[in-house]
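**Student:** the following comprises the amino acid sequence and a computationally predicted model.
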Amino acid sequence: MDKKDIRILELLQDDASIGLNELAQSVSLSPTPCWRRIQKLRDEGVIKQQVTLCDPVKLNLGLTAFVSIRASLHNDAWTQRFVKGIVAIREVVEVYRMSGDIDYLLKVVVPDIAGYDSVYKRLIKVAELQDVSSGFVMEVVKHTTALPTDYALPA
């Protein structure tokens, strides 16, 4: 990966719908070499996928909750049951296994508190849980899907 690849990634992370000609011009390449670089970044797994980001409010998903989970058990059977159950709940859009005081952190998007309560009731049926604690987003101060590219090149 070189500086042109990094710039291509920055531009695509900003707007994946950018046209090939505009992208190539922005990185001082002709379209064919630019396209080859994009293909190589895909083949190497640097570019995982391209998606459309939707405004949650316009989809009636105005409430975001971060849910901390402490497991009641720590074994393979519990983990498999929990993971299988949690990925089936569509409102759970992110799941992280954590170190420290909590075992899992979930990001949940729902229309309102009643929607969250519905998710909570499904969540507690997934597996035995020691503790479930939720915090509700009051204001989004920063949200981006763009990863920093500063660390991609050797120093």
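**Tutor:** Good, I have the coordinates. Residues are numbered from 1 along each chain as shown.
**Student:** avg pLDDT for stretch 113-132?
**Tutor:** Averaging pLDDT along stretch 113-132 gives 97.
**Student:** next one: it to chain centre, how far?
**Tutor:** Centroid separation between stretch 113-132 and its chain, computed with Cα atoms, centre = their mean, to the nearest Å, is 21 Å.
**Student:** for stretch 96-109, buried residues please.
**Tutor:** Using 16 or more other Cβ atoms under 10 Å as the test for burial, stretch 96-109 gives Ile102, Asp103, Tyr104, Leu106, Val108, Val109. Glycine gets a C-beta too; all of them are placed from N, C-alpha and C.
**Student:** before we move on, what SS does the fifth one have?
**Tutor:** I take that to be Val108. strand (DSSP: H, G, I helix; E, B strand; the rest coil).
**Student:** so the nearest residue to it once chain neighbours are set aside versus Asp131, what's the distance?
**Tutor:** Nearest residue to Val108 in three dimensions, chain neighbours excluded: Ala65, at 4.5 Å (Cβ to Cβ, 6 or more residues apart in numbering). According to Cβ to Cβ, to the nearest Å, Ala65 stands 15 Å off from Asp131.
**Student:** higher neighbour count, these two?
**Tutor:** Neighbours were tallied for Ala65 and for Asp131 using other Cβ atoms under 10 Å; the higher tally belongs to Ala65 (20 against 12).
**Student:** quick check: bridge partners of the more buried one?
**Tutor:** Val108, Phe136 (DSSP bridges).
**Student:** need the contact list for it.
**Tutor:** Ala65 sits next to Lys107, Val108, Val109, Val110, Tyr116, Ser134, Gly135, Phe136, Val137 when contact means Cβ atoms under 8 Å, 6 or more residues apart in numbering.
**Student:** and which of the residues you listed is nearest Leu61?
**Tutor:** Comparing the contacts of Ala65 against Leu61 with Cβ to Cβ picks out Val109 as the nearest, at 4.3 Å.
**Student:** work out for me the element the spatially closest residue to that closest one that is not a sequence neighbour sits within.
**Tutor:** Closest residue to Val109 in three dimensions, ignoring its sequence neighbours and counting by Cβ to Cβ, 6+ apart: Leu61, at 4.3 Å. Using DSSP states H and E, Leu61 is not contained in any helix or strand.
**Student:** gap between the most far-flung residue of the chain relative to its centre and Glu44?
**Tutor:** Here the centre of the chain is the reference, and by Cα atoms, centre = their mean the most remote residue is Ser30, at 32.3 Å. In this view, Ser30 and Glu44 are 22 Å apart by Cβ to Cβ.
**Student:** alright, I will stop here.
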